[in-house]
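[1] Sequence below, structure please.
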Amino acid sequence: MSDPVRNSVSVFGLGYVGCVSAACLAARGHRVIGVDVNPDKVAAVRRGAAPVVEERIGDLTAEVVAAGDLTVTTDARAAVADTDLSLVCVGTPSAPGGGLSTVYLEQVTDAIGAALAAKDGWHVVVYRSTMVPGTCEGLLIPRLEAASGKRAGVDFGVCVNPEFLREGTSVRDFLDPVKTVVGQTESRSGAMVLELYRGLPGRRFQVPIRVAEMAKYVDNCFHALKVDFANEIGAICSSLTLDSYAVMEIFCTDTKLNISTAYLKPAFAFGGSCLPKDVRALTHTARQNDLDVPLLSNLLTSNESHMRRAVELVLGAGSRRVGMFGLSFKQGTDDLRDSPMVELAERLIGKGFDVRIYDATVALSRLTGANESYIRAQLPHIGDLLTDDVDVVLDHADVLIAGSREPQVVDAIARAGDDRHIIDLVRLPDAAQRRGSPNYHGIGW
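    Residues are numbered from 1 along each chain as shown. Now for the predicted structure:
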């Protein structure tokens, strides 16, 4: 792959993210101006000294400053005037109530906006700071437009380019990324940002701005989840005199289900013969050993919230005639044990809904043994509800619940027409096209 085009970049904020971004971009051949309101930081970088302690950053900063590829200033207006892109890398600490403090973002945004007012030509404002979805479009872009008198996406570009750097290995992470994410007002600006990283490895994503904002939070919350999960497993293992490292070594060996993309697609509640009972059993074991494991203990509570959300979606549709596609806990099986679809049907029937159910693998004539006993105990009027004819359900219902992506189900829902309410629990193949329709309701998208 060819070398990146040399760009002129101003980097606002010379903390961990800003200092590393400035030095690494300069080392890759871009001309970089670092900007900070703290004169001590500016003076330190001007001498070639990194203002943070980080692997490789000291030598790298000294090299790019000596080469003249990284200069620094406190003058925001001059930095914007003399560069093509401005990377905003200021902090977004927690506010007292737990929300996001945007005070530094607002200050830098106002300064850049004022500089844009006096600048001719295209300029891209790139936010690297971590901020909750909606911050850029709802707060920062309006401030840029107000301060500059110009329009985002027309007179200047705005992008969100979240960083995925770990303190201690930031330089290494910058130069060897797993992914590069750019949220953009329009493709021209997104392409300019991606050009900064040409030649680096990893997948590249050009997405809506709010998706890019959310991406960083998903990563960090999942990392926190993993730490707490491992720690709770460690506590349980310790109470049982087990070597938690031996247990987790076995766990991490499975890259098909455990350390993988499996189970990470948003959808409906989990169920089946294993997950609910095993979560109950392990948390019961923890209680017997006087252990507090709030993460594991709340898995079933979280699962229940998704069940309530599905019921509320049906209630909000405003019709009592409901058709359910799918009954088993997983498509392609007839196992009904702890099926969330059975539980959903039971709750709807209990609230007086007129329900019909189609599941190709759970036809009444094929129910035997444990399945027959289970479903007759849970839904005693199953003979009146379950059918092996998809059109019976389609003709009956004003509200259609998609609990399966089987071809017959996808076809039936496609034939339903725009006047039916669709409650999508599985993300139908045409979900992206349906979004925005007043009669389509995805449970998590």
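[2] And residue 217, how close does it get to residue 211?
    Distance of residue 217 to residue 211, computed by CB to CB, to the nearest Å: 11 Å. All C-beta spots, glycine's among them, are computed from the backbone N, C-alpha and C.
[3] hang on, residue 330 packs against residue 274?
    No. Using CB atoms under 8 Å, residue 330 is not in contact with residue 274, being 10.8 Å away.
[4] For the two, indicate the residue with more neighbours.
    residue 330 (15 against 12; other CB atoms under 10 Å).
[5] Would you mind listing the residues in contact with the more buried one?
    Counting by CB atoms under 8 Å, 6 or more residues apart in numbering, residue 330 makes contact with residue 272.
[6] thinking again about what came up before, joint contacts of residue 217 and residue 211?
    Here residue 217 and residue 211 have residue 133 as joint contacts, going by CB under 8 Å, 6+ apart.
[7] How many neighbouring residues does residue 98 have?
    6.
[8] wait, is it part of a strand?
    No. Assessed by DSSP: H, G, I helix; E, B strand; the rest coil, residue 98 does not belong to a strand; its assignment is coil.
[9] how about the nearest residue to residue 183, chain neighbours excluded?
    Leaving out its chain neighbours, the residue that sits closest to residue 183 by CB to CB, 6 or more residues apart in numbering is residue 212, at 2.8 Å.
[10] With residue 292 instead?
    Using CB to CB, 6+ apart, the closest residue to residue 292 is residue 286 (7.7 Å).
[11] domains for the chain, by residue range?
    Following automatic domain parsing, one finds the domains of the chain at 8-209, 302-442.
[12] weakest of those in terms of mean pLDDT?
    Note on those: domain 302-442 shows the lowest mean pLDDT, a mean of 88.
[13] what about that one, distance to the chain center?
    Here domain 302-442 is found 27 Å from its chain centre; the criterion is CA atoms, centre = their mean, to the nearest Å.
[14] so how far does that domain reach from one end to the other?
    Start-to-end span of domain 302-442 (CA to CA, to the nearest Å) is 18 Å.
[15] so how far is the helix or strand containing residue 204 off the chain centroid?
    According to DSSP states H and E, residue 204 maps onto strand 203-207. Computed by CA atoms, centre = their mean, the chain-centroid distance of strand 203-207 equals 14 Å.
[16] That strand: partners in the sheet, and parallel or antiparallel?
    strand 179-184 (parallel) (DSSP bridges).
[17] Now the strand it pairs with: buried residues?
    180-184 (16 or more other CB atoms under 10 Å).
[18] which parts of stretch 316-328 are buried?
    In stretch 316-328, counting by 16+ other CB under 10 Å, buried: 317, 322-328.
[19] same deal with stretch 88-100?
    88-90, 92.
[20] re earlier: for the residue nearest to residue 183, give its distance to residue 279.
    34 Å.
[21] Ok, residue 140 next?
    Residue 140 is 42 Å from residue 279, by CB to CB.
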